[in-house]
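Colleague: would you be able to build a 3D model of this:
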Amino acid sequence: MKTLALDIGATKIAIATVGADHQILERVQVPSNTGESIWPVLKERLQTFKTERIGIASAGPIDRVEGTISPVNIPQWRKFPIVAEIKRIFPTASVGLLGDCTAVALAENRLGAGVGVSNMLGVVVSTGIGGGLVLNGKAFHGETGNAALFGHHSIGFNSEILCDCGRTGCLETFARGPKMVEYARHLGWTGGSDFISLAESARNGDARAIAAIDSGSLALAVGITNVLTILDIHTVVIGGGVSFAGPIYWDPFLKHFAAERLHAGFLDHVDIFPAKLQADAGLIGASIFAHELEG
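Modeller: Model prediction:
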């Protein structure tokens, strides 16, 4: 049986049918950053599919108990009843909801960089910063589905930078791609509008671009160290668009992480792997979760 998978993010919602071998068979997407009503467009797309099993991976916060989602970067969706709405379209289908980064962590653990590891933190560095956990070989959701939503823990409580969530000093305000671009502009960088342009400028030796990436990668190193210090786990898989930039991002991050983790006293050895599944990891993880939920 094919599985219908959704990956709901800050800029787009990906929809795919996934085969028993976890291969993407058909994939479409709708924008989620238009500021307009999203559901009518998404509903129209969903009605073209047939399925009896659905996995939904969504940016958080979510509420797995109530079946609702309130993605920070999708302000028009607050406690949106995604499970109930999808059940109206597919009344006989089983529906599983989990955090998008939990889905990424699950996919990487089953099929990607974290195969064979019992405990791992999955990290997504892109438009936002997200985390997901696999503990004792299983996706760990927490009580509402928001475990490891560490992009919104504060690493700078004296900061004047207000996060989209309403808090100050969130990791996202320093480490996500758009914020590194914003900081580079503050330093006087006049390049393009996205992180791809920023990374290219850094590769070409632009000191302001290099400084912005260094600052953002330091923030991520601090945030990940905080999570590992709480959980005492020693494997991290990092994906997301920013992580695809290669050495210009990874080299400063690994340098900062090596320094930060030593302060814990028990993180002498931590395996850090780049994600293998890349852009489709959330869809694959949602599909795996839907399978395991039924099993």
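Colleague: for the protein, what spans make up the helices?
Modeller: With DSSP state H as the criterion, the chain has helices at 39-46, 82-89, 100-111, 172-175, 177-186, 195-203, 207-231, 247-261, 281-294.
Colleague: where does the nearest residue to Ile233 once chain neighbours are set aside land on pLDDT?
Modeller: Spatial nearest neighbour of Ile233, excluding adjacent residues (Cβ to Cβ, 6 or more residues apart in numbering): Asn119 at 4.3 Å. (C-beta placed from N, C-alpha, C; glycine too.) Listed pLDDT for Asn119 reads 98.
Colleague: what is the neighbour count of Asn119?
Modeller: Asn119 sits with 17 neighbouring residues when counted by other Cβ atoms under 10 Å.
Colleague: likewise for the one 4 residues further on?
Modeller: Val123: 29 surrounding residues under other Cβ under 10 Å.
Colleague: ok, what's across the strand from it?
Modeller: Under DSSP bridges, the beta-bridge partners of Val123 are Gly131, Ile238.
Colleague: ok, the nearest residue to Phe253 once chain neighbours are set aside to Leu4 distance?
Modeller: Leaving aside its sequence neighbours, Phe253 sits nearest to Ser217 (Cβ to Cβ, 6+ apart; 3.8 Å). Counting by Cβ to Cβ, to the nearest Å, the gap from Ser217 to Leu4 is 36 Å.
Colleague: follow-up on the earlier one: in TSV: the helices of the chain, plus distance to Pro61.
Modeller: Output for the helices of the chain, formatted as TSV (distance: least, Cβ to Cβ, whole Å):
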stretch	distance to Pro61
helix 39-46	18
helix 82-89	13
helix 100-111	11
helix 172-175	13
helix 177-186	20
helix 195-203	24
helix 207-231	17
helix 247-261	26
helix 281-294	16
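Colleague: most tightly packed of these?
Modeller: Per residue and on average, the most neighbours among the helices of the chain fall to helix 100-111, with a mean of 29 (mean count of other Cβ atoms under 10 Å).
Colleague: that one versus helix 281-294: what angle between them?
Modeller: With axes from the mean of the first three to the mean of the last three Cα atoms, to 10 degrees defining the directions, helix 100-111 sits at 80 degrees from helix 281-294.
Colleague: let the chain start at 2 from now.
Modeller: Got it, first residue is 2 now, which makes that one helix 101-112.
Colleague: for helix 101-112, packing partners?
Modeller: strand 4-9, strand 54-59, strand 121-126, strand 130-136, strand 139-141, strand 236-240, helix 282-295 (3 or more Cβ pairs under 8 Å, 6 or more residues apart in numbering; DSSP states H and E).
Colleague: OK, contacts around the nearest residue to Pro32 once chain neighbours are set aside?
Modeller: The shortest distance from Pro32 to any non-neighbouring residue, by Cβ to Cβ, 6+ apart, is to Lys13 (5.7 Å). By Cβ atoms under 8 Å, 6 or more residues apart in numbering, the contact set of Lys13 is 30-34.
Colleague: if we go to 10 Å?
Modeller: Contacts for Lys13 (Cβ atoms under 10 Å, 6 or more residues apart in numbering) come out as 30-34, 128.
Colleague: how far away is the residue lying closest to Ser160 once chain neighbours are set aside from Val237?
Modeller: Nearest non-adjacent residue to Ser160, counting by Cβ to Cβ, 6+ apart: Gly170, 3.8 Å away. According to Cβ to Cβ, Gly170 and Val237 sit 22 Å apart.
Colleague: which one of those two has more residues nearby?
Modeller: Legend: neighbour count by other Cβ under 10 Å for Gly170 and Val237, higher for Val237 (21 against 18).
Colleague: for that one, what are its contacts?
Modeller: Listed by Cβ under 10 Å, 6+ apart, the contact set of Val237 reads 106, 114-115, 121-124, 132, 225, 228-229, 258, 271-274.
Colleague: what about the nearest residue to Arg168 once chain neighbours are set aside, neighbour count?
Modeller: The spatially closest residue to Arg168, leaving aside those adjacent along the chain, is Ser155, at 6.1 Å (Cβ to Cβ, 6+ apart). Neighbour count for Ser155, taken as other Cβ under 10 Å: 15.
Colleague: local confidence estimate at Ser155?
Modeller: At Ser155, the model reports a pLDDT of 91.
Colleague: was I right to think it contacts Leu172?
Modeller: Yes: assessed by Cβ atoms under 10 Å, Ser155 is found in contact with Leu172 at 7.7 Å.
Colleague: find residues that contact each of those two.
Modeller: Joint contacts of Ser155 and Leu172 (Cβ under 10 Å, 6+ apart) are 164, 224.
Colleague: how close does the residue nearest to Arg168 get to Pro72?
Modeller: Ser155 sits at a distance of 19 Å from Pro72 (criterion: Cβ to Cβ).
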